[in-house]
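Engineer: When you get a sec, could you give me coordinates for this:
(one chain, ligands or ions: 2)
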Amino acid sequence: MFKSLLIPIDGSEDSHVALNVACQLAAPIQGKLHLLHVRDPYPQLHRGEMLSVEAAIKAASVETAFAEGRKVLDRALDTLPSFPGYNGEFDTHIKQGSPAKTIVAEAERLKVDAIVMGSRGLGQFKGLMIGSVSHKVTHVANCRVICVHEKPREHATQAPHEFVDFD
Ligand SMILES: Nc1ncnc2c1ncn2[C@@H]1O[C@H](COP(=O)(O)OP(=O)(O)OP(=O)(O)O)[C@@H](O)[C@H]1O
Ligand SMILES: [Mg+2]
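Structural biologist: Ligands and ions are numbered 1, 2, ... in the order given. Modelled structure (predicted):
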């Protein structure tokens, strides 16, 4: 039974699926759901792009982080009516920083039973089965981590004959 779950939301379809799965996992005992959006203020810098001083100051502002994070979490909550049966409590958290580190730290702070997250997010590079944030969180978190995705990945279904049968 899951008494409390952390659902990291980046606005991606997989993270919305994760929220719906979390509702189903929490429904039997109406466990508490913590939605978390982590805002990396400088994604441009990770992509090697330039950032003006004005843009950097605006991006780092707590108000900007909160307003944009709120929108992301509200959009995720809007996807919920299609999964009735959960009437428990939601809590929302918006933080600035490195997504993976912050997700792991929040899971510890909130003492959740598990993290339910998307296996992929908003990243453009879809060649890998799992994104860098879910990869790091699954390796570092001190609690259970459940990664979910909506659609079968194309490259995961292309060559079933490549699986080795040991029987
Ligand atoms: N900034 C974030 N805030 C909250 N949750 C996040 C954030 N970024 C990612 N996540 C969570 O991690 C899951 C996987 O996203 P991840 O970023 O690992 O994949 P990706 O975007 O496809 O790849 P990458 O970011 O490595 O290019 C998302 O579905 C979401 O649950
Ligand atoms: Mg990502």
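Engineer: Tell me where this structure has strands.
Structural biologist: All strands of the chain, identified by DSSP state E, fall at 4-8, 32-39, 90-96, 114-118, 144-148.
Engineer: which one of the ones you listed lies closest to ligand 2?
Structural biologist: Nearest of the strands of the chain to ligand 2, taken as Cβ to the ion: strand 114-118 at 9.0 Å. Placement of C-beta: from N, CA and C, glycine included.
Engineer: just the angle between the closest one and strand 144-148, please?
Structural biologist: Taking axes from the mean of the first three to the mean of the last three Cα atoms, to 10 degrees, one finds that strand 114-118 is oriented at 20 degrees with respect to strand 144-148.
Engineer: Name every strand pairing with strand 114-118 and say which way it goes.
Structural biologist: strand 4-8 (parallel), strand 144-148 (parallel) (DSSP bridges).
Engineer: highest average neighbour count across these?
Structural biologist: strand 4-8 (a mean of 27; mean count of other Cβ atoms under 10 Å).
Engineer: That strand close to ligand 2?
Structural biologist: No. Against ligand 2, strand 4-8 shows no contacts by Cβ under 5 Å from the ion, the least distance being 10.2 Å.
Engineer: any idea how far ligand 1 is from the closest residue to Ala76 other than its chain neighbours?
Structural biologist: Distances taken as Cβ to Cβ, 6 or more residues apart in numbering put Ile9 closest to Ala76, at 4.7 Å, once the chain neighbours are dropped. Separation of Ile9 from ligand 1 (Cβ to the nearest ligand atom, to the nearest Å): 5 Å.
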